[in-house]
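> sequence plus predicted model, see below.
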Amino acid sequence: MIDLDHDKLYSSEAAAQLLGLHCATTVRRLCRQQQIRAVRIGRKWMISGREIARVRAEGTDPIGGAA
């Protein structure tokens, strides 16, 4: 597993790995739905380490509700 740096931006692929998801597509969908705060840089979604930590702490269920 990747070490989480709160001040770093992570790609959707890295964020998926950090969140224990098998597919970066889920992370990108959650970004589009504004369930994960992210920025677009070109065509890529970039998620801050701080936001990944928030999603981990809240136990967000990527299927559509809080765990």
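Yep, it's here. Numbers count the residues shown, from 1 in each chain.

> buried residues, the helix or strand containing W45. List them.
Using DSSP states H and E, the element containing W45 is strand 44-48. By neighbour count with 16 or more other C-beta atoms under 10 Å, strand 44-48 contains the buried residues W45, M46, I47, S48. C-beta here means a position set from N, CA and C on the backbone, and glycine is covered the same way.

> ok, of the residues you listed, which one's closest to R54?
S48 (9.0 Å; C-beta to C-beta).

> sec struct for the most centrally placed residue in the chain, please.
The chain has A15 as the residue nearest its centroid, 4.5 Å off, counting by C-alpha atoms, centre = their mean. The three-state label given to A15 by DSSP: H, G, I helix; E, B strand; the rest coil is helix.

> what pLDDT does it get?
What the model reports as pLDDT for A15 is 96.

> residues in contact with it?
A24, V27, I36, I47, I52 (C-beta atoms under 8 Å, 6 or more residues apart in numbering).

> so where is this structure shaky, pLDDT-wise?
1-2, 59-67 (pLDDT under 70).
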